[in-house]
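1. Need a 3D model of the sequence below.
(one chain, ligands or ions: 1)
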Amino acid sequence: MRTPIVIGNWKLNGTRAMADRLVADIEAVRPELKDIDIGVCPPFVYIPQVVAQVAGAGLGVGAQSCAEYDTGAYTGEVSAEMIRDVGCQYVLVGHSERRTLFGETNEVVGRKTQKALAAGLTPVVCVGETLEERQAGKMNAVVGAQIEAVVAAVGIQAFERVIVAYEPVWAIGTGQTASPEQAQAMHASIRAQLAAYSPAIAESVRIQYGGSIKPGNAAILFAQPDIDGGLIGGASLTAEDFLVICRAA
Ligand code: PEP
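-> Numbering: from 1, shown residues only. Down below sits the predicted model:
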């Protein structure tokens, strides 16, 4: 049995006050949400206050990215060790916005995943195809190569501590979600790919769906057999929406 996990990715949004309110609202309802894991990924600067606020409340905190380096002259970067040091549990790796806007290749994503694991974090490895790639029928090959690069970097055994998030690029922030069938087919394909290395790990790895999940479509997506919760962008910025989605998981 895989425990579903719902993670809110706040992206470049929020203030100290907003973070405070949002987390307080989630915490208030957390005891009712049994049998799922919940996490939030605030912008870096708000992480310490959120970590302090959630202490012992059953809410995980993550960063939205980490450096592929440990230390040194990399202005503006934050290492996985630092993220762990301030009390995070998760880190998103290879979000499509990082891949497309900040040039993160499959190899960079592999190295970041390795750094996250070495620091004791749970990496949430994001994969997904563009609309053009889907229309050309290349989605399985594209996502397969993204997964393969991570397996090459960290080895299949490390997937005991990896979460995968399938996020079709065309569904992120667009209001156009993948159909439950499209999402399920890709999740099954990712699981089959991992099963070729280790059936046991493929069975246990959690694969979240992400891309315009809203209160109205969460339940049907989460009902698919290979979807183990969601990575939520826009709808994670209001407690009301985020909590409806958490309940659906
Ligand atoms: C995301 O950024 O990971 C995401 C899924 O965004 P949204 O829910 O807004 O599509």
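
2. List the contacts of the residue in the chain that the ligand sits nearest to.
-> In the chain, the residue that lies nearest the ligand is residue 233 (2.1 Å; Cβ to the nearest ligand atom). Glycine gets a C-beta too; all of them are placed from N, C-alpha and C. Contact analysis of residue 233 by Cβ atoms under 8 Å, 6 or more residues apart in numbering lists 9, 11, 172-173, 210.

3. Narrow those residues to those that are buried.
-> In the contacts of residue 233, burial by neighbour count holds for 9, 11, 172, 210, counting by 16 or more other Cβ atoms under 10 Å.

4. For the third one, list the residues it contacts.
-> Contacts were defined as Cβ under 8 Å, 6+ apart; by that measure residue 172 touches 96-97, 128, 210-212, 233.

5. tell me, how many neighbours does the nearest residue to residue 227 once chain neighbours are set aside end up with?
-> Spatial nearest neighbour of residue 227, excluding adjacent residues (Cβ to Cβ, 6 or more residues apart in numbering): residue 209 at 5.0 Å. Using other Cβ atoms under 10 Å, residue 209 is surrounded by 30 other residues.

6. quick one: average pLDDT of the helix or strand hosting residue 209?
-> Taking DSSP states H and E as the definition, residue 209 sits inside strand 206-210. The pLDDT scores in strand 206-210 average 98.

7. helices or strands up against the helix or strand following that strand?
-> Sequence order places helix 218-222 as the next helix or strand after strand 206-210, per DSSP H and E. Applying 3 or more Cβ pairs under 8 Å, 6 or more residues apart in numbering; DSSP states H and E, one finds that helix 218-222 contacts helix 180-195, strand 229-232, helix 239-248.
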